[in-house]
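Peer 1: Sequence isn't available, so here's the structure alone:
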């Protein structure tokens, strides 16, 4: 049995899967086993995987019925896993050589955590041009509260501790956190990773490494591009469900977090902007009672303070102060840029 089981679903991934697997063969960590779950591919994916498996016994191809959802395929990966750690890998991404070894060491050094992700570099379809590095928050206390407002954990960078996943019965698609009076939420597609990771984060079981772990290939087939609007709608449902669970579990009155979310670097429209500051003060006090007054919680709340007043000069001033105090994350910067683009005069928008 290997120390790390790697789960890689794929459907018609012939264009990129060879590079993805070779990036794992090149890892400095050698004690792994890769299962490629071939999800009904009709191109040359199967032949490419078979050829690589013939040269490396750590690689196994598992055929899956095309009728399965992606969540069901990923859950099959969990069920087949035997190793202490489970690494997730998409069939079009590239892991940097130290990825697995860094994550293994981190989880061994932090036995109280169940998940570690990291930063990633976005590249073009050919993986020859860098489009920038996405910087995500690190600390477990910040991720606990950050998961209410967007997804601070990048699916393709994740490594999980199998024993904790099994203990909680954590799976893609279904909720495992419960609270009196809160109906369960099923998320079969589009944001199933966010739903799974956010529940683990609420329990304080997640962290991110500050290191860049993978090269994320951006192309026309990425779900985050092709189904962006639908994915954002599901993400808002998850944020709402998380707050309902928190309120019920801690004996607090439910309050909407949606006006202060920035899924996909977008802000939800609000009916009355003048009511936002008072609503945020109430929600902020509730969140401090639930999560405690820790450095990570205060850092996440600081950006939500910025978003609590939609008057542009005030928002920009608060953001500038936050940036000067210690820097901002990629999603925070992208959110402000999107706000600025919406405020451009019509003539400037046409010129741009």
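Peer 2: Arrived safely, thanks for sending. Keep in mind the model is a prediction, meaning the values are calculated, not measured.
Peer 1: Next, the buried residues of the strand or helix carrying residue 133.
Peer 2: Assessed by DSSP states H and E, residue 133 sits inside strand 130-134. By 16 or more other C-beta atoms under 10 Å, the buried positions in strand 130-134 come out as residue 134. To be clear about C-beta, it is placed using only N, CA and C from the backbone, and glycine gets the same treatment.
Peer 1: just stretch 23-37 next, same as before
Peer 2: 23, 24, 27, 29, 32, 33, 34, 35, 36, 37.
Peer 1: Residue 185 is in contact with residue 237, isn't it?
Peer 2: Yes - using C-beta atoms under 8 Å, residue 185 is in contact with residue 237, at 6.9 Å.
Peer 1: So which of those two has more stuff around it?
Peer 2: Counted by other C-beta atoms under 10 Å, residue 185 and residue 237 do not tie: residue 185 has more neighbours, with 18 against 14.
Peer 1: so who does the more buried one touch?
Peer 2: Going by C-beta atoms under 8 Å, 6 or more residues apart in numbering, residue 185 touches 175, 195, 237, 238, 241.
Peer 1: While we're on it, how confident is the model there?
Peer 2: What the model reports for residue 185 is a pLDDT of 95.
Peer 1: what's the distance between it and residue 244?
Peer 2: Distance, residue 185 to residue 244, using C-beta to C-beta, to the nearest Å: 9 Å.
Peer 1: do the same with residue 300
Peer 2: In terms of C-beta to C-beta, residue 300 sits 19 Å off from residue 244.
Peer 1: which one of the two has more residues nearby?
Peer 2: Taking other C-beta under 10 Å, residue 300 and residue 244 do not tie; residue 300 has more neighbours (26 against 18).
Peer 1: list the buried ones in the helix or strand where the more buried one lies?
Peer 2: Applying DSSP H and E as the criterion places residue 300 in helix 295-307. Buried residues in helix 295-307, defined by neighbour count with 16+ other C-beta under 10 Å: 296, 297, 298, 299, 300, 301, 302, 303, 304, 305, 306, 307.
Peer 1: Out of these, flag the one nearest to residue 129.
Peer 2: Of all the buried residues of helix 295-307, residue 303 has the smallest distance to residue 129: 29.9 Å, by C-beta to C-beta.
Peer 1: Tell me if I'm right that the closest one and residue 325 touch.
Peer 2: No - at 11.2 Å, residue 303 and residue 325 do not qualify as touching, with contact defined as C-beta under 8 Å.
Peer 1: Find the residue closest to residue 74 in space, skipping its chain neighbours.
Peer 2: Spatial nearest neighbour of residue 74, chain neighbours left out: residue 172 (4.8 Å); criterion: C-beta to C-beta, 6 or more residues apart in numbering.
Peer 1: next one: residue 73
Peer 2: residue 9 (4.6 Å).
Peer 1: and the one you found, backbone torsions?
Peer 2: When read as degrees, to the nearest 10, the backbone of residue 9 gives phi -80, psi 150.
Peer 1: Surely it and residue 91 touch.
Peer 2: Yes - the criterion here is C-beta under 8 Å, and residue 9 meets it with residue 91 at 6.9 Å.
Peer 1: could you pull out the helices for this structure?
Peer 2: 17-25, 45-55, 70-80, 99-109, 140-146, 162-168, 192-202, 223-226, 228-250, 276-291, 295-307, 312-326, 330-343, 346-351 (DSSP state H).
Peer 1: Lowest mean pLDDT across these, which one is that?
Peer 2: Looking over those, mean pLDDT reaches its minimum on helix 346-351, with a mean of 44.
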